[in-house]
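Student: Sequence and predicted structure are below.
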Amino acid sequence: MVTESAGIISFVVPAYNEERLIGRTLDAIHATAREIGQHYEVIVADDASTDRTAAIARAHGARVIAVRFRQIARVRNAGARAATGSVLIFVDADTIVTPVTVRRTLDALAGGAAGGGAAIAFDGVLPVWVRVLLPILRAAFRAGGLAAGCYMFCSRRAFDAAGGFDEGLYAAEEIAFSQALKKQGRVVILRDTVTTSGRKLRTHSASEVVRLCGKLMRRGTALVRSREHLSLWYGDRRDDVDPSSFLEETRTRTRP
């Protein structure tokens with residue numbers, strides 16, 4: 001059993017075949033934590049990657065936990081179990097954090113919040129259908145107190161009391177976790193942003209997303225309890241049509 005260490009921030013990064021982007025994600029975490037000046041650790045939960053994800057993570061100062069789940073909820077829970085901090089911040093392997101957002105995160109927790117998330121910006125050029133829907137989705141998540149999966153935070157106490165992420169879910173686990181956190185205290189969705197890769201939005205068409213939404217309406221939560229119809233998350237990764245965008249966004253946001 002891991003002993004919790006007061007005053008330590010645990011950054012938990014779930015990863016599967018993220019050799020292209022995880023290095024910059026980890027660099028941003030280290031730069032942010034150093035600027036804040038608080039003790040921290042970085043844990044990468046590597047979920048059966050077949051590329052250099054684990055080696056790159058170690059080279060960038062992360063402690064790597066090897067798992068073989070191919071299920072994001074279980075991977076996040078595994079990383080949290082290995083963490084020692086009193087604050088847990090879950091950051092996806094293609095997401096860039098900033099000192100401002102992490103400071104606001106710590107302020108929210110110090111103010112009594114159980115957990116929460118941040119505003120999400122996407123790198124690169126996005127399809128028209130995404131640009132139309134994003135403001136609606138952002139407003140809905142904020143109004144509902146729901147954290148987006150690429151950046152979530154909570155106290156260790158709230159995480160344990162909420163039971164972690166629901167391991168019966170293969171998607172929408174962040175929504176279920178947000179709801180579980182509300183039973184432990186206030187959930188805060190920060191207006192400060194993190195930047196995540198828009199690759200899935202560029203490589204999946206509007207018709208694919210509409211079909212997925214239609215299946216969700218017909219089958220309800222049963223759809224997200226199996227990876228069978230969730231190729232958006234578990235299918236083969238497609239080449240990004242704008243591969244340079246995330247790298248340029250990273251340089252811009254992490255440049256001194």
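Tutor: Thanks, I have it. Residues are numbered from 1 along each chain as shown.
Student: residue closest to the middle of the chain?
Tutor: C150 (2.3 Å; CA atoms, centre = their mean).
Student: That one and T195, how far apart?
Tutor: 9 Å (CB to CB, to the nearest Å). Every residue, glycine included, has its C-beta placed from N, CA and C.
Student: Could you do G163 as well?
Tutor: 30 Å.
Student: out of these two, which sits in the busier spot?
Tutor: More neighbours surround T195 than the other of G163 and T195, with 23 against 11 (other CB atoms under 10 Å).
Student: Overlap in contacts, C150 and T195.
Tutor: Counting by CB atoms under 8 Å, 6 or more residues apart in numbering, the residues touching both C150 and T195 are T95, I120.
Student: List the buried residues in the helix or strand encompassing S10.
Tutor: Under the criterion of DSSP states H and E, S10 resides in strand 5-15. Residues of strand 5-15 classed as buried by neighbour count (16 or more other CB atoms under 10 Å): I8, I9, S10, F11, V12, V13, P14, A15.
Student: Now the longest helix anywhere in the chain: buried residues?
Tutor: Of all the segments of type helix in the chain, defined by DSSP state H, the longest one is helix 128-144. Neighbour counts using 16+ other CB under 10 Å place V130, L134, F141 of helix 128-144 among the buried residues.
Student: Residues contacting the strand holding S10, please?
Tutor: When contacts are taken as CB under 8 Å, 6+ apart, the neighbours of strand 5-15 outside the stretch itself are 22, 25-26, 29, 33, 38-47, 49, 53, 57, 62, 72, 75-76, 79-80, 83-93, 102, 106.
Student: Report the contact partners of A180.
Tutor: Taking CB under 8 Å, 6+ apart, one finds A162, G163, D166 in contact with A180.
Student: what's in contact with the longest helix of the chain?
Tutor: Residues external to helix 128-144 that are found in contact with it (CB under 8 Å, 6+ apart): 117, 119-120, 122, 126, 146-148, 178, 189, 198, 201, 206, 209.
Student: Give the next helix or strand downstream of that helix.
Tutor: Downstream of helix 128-144 (by DSSP H and E), the next one is strand 151-155.
Student: C-terminal to that next one, which secondary structure element comes first?
Tutor: If you walk from strand 151-155 toward the C-terminus, the next helix or strand you reach (DSSP H and E) is helix 156-162.
Student: quick one: the strands in this protein?
Tutor: Along the chain, counting by DSSP state E, strands occupy 5-15, 40-47, 63-67, 85-91, 95-96, 113-122, 151-155, 186-196.
Student: quick check, distance from the second one to the centre of its chain.
Tutor: Same thing as strand 40-47. Distance, stretch centre to chain centre, for strand 40-47: 12 Å (CA atoms, centre = their mean, to the nearest Å).
Student: Check which helices and strands that strand is in contact with.
Tutor: strand 5-15, helix 22-36, helix 53-59, strand 63-67, helix 72-82 (3 or more CB pairs under 8 Å, 6 or more residues apart in numbering; DSSP states H and E).
Student: Point out where this structure drops to low pLDDT.
Tutor: For the chain, the stretches with pLDDT under 70 are 1-6, 204-206, 208-222, 227, 229-256.
Student: For PyMOL, what selects the buried ones among the contacts of strand 5-15?
Tutor: Only the buried members of those enter the following PyMOL selection, criterion being 16+ other CB under 10 Å:
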select buried, resi 22+25+26+29+33+40+41+42+43+44+45+46+47+49+53+57+62+72+75+76+79+80+83+84+85+86+87+88+89+90+91+92+93+102
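Student: how near is the closest residue to V12 other than its chain neighbours to R104?
Tutor: Closest residue in space to V12, ignoring its immediate chain neighbours: G79 at 3.7 Å, by CB to CB, 6 or more residues apart in numbering. Taking CB to CB as the criterion, G79 is separated from R104 by 22 Å.
Student: ditto for S86
Tutor: S86 sits 17 Å away from R104, going by CB to CB.
Student: backbone phi and psi for A147, please?
Tutor: phi -90, psi 140 (degrees, to the nearest 10).
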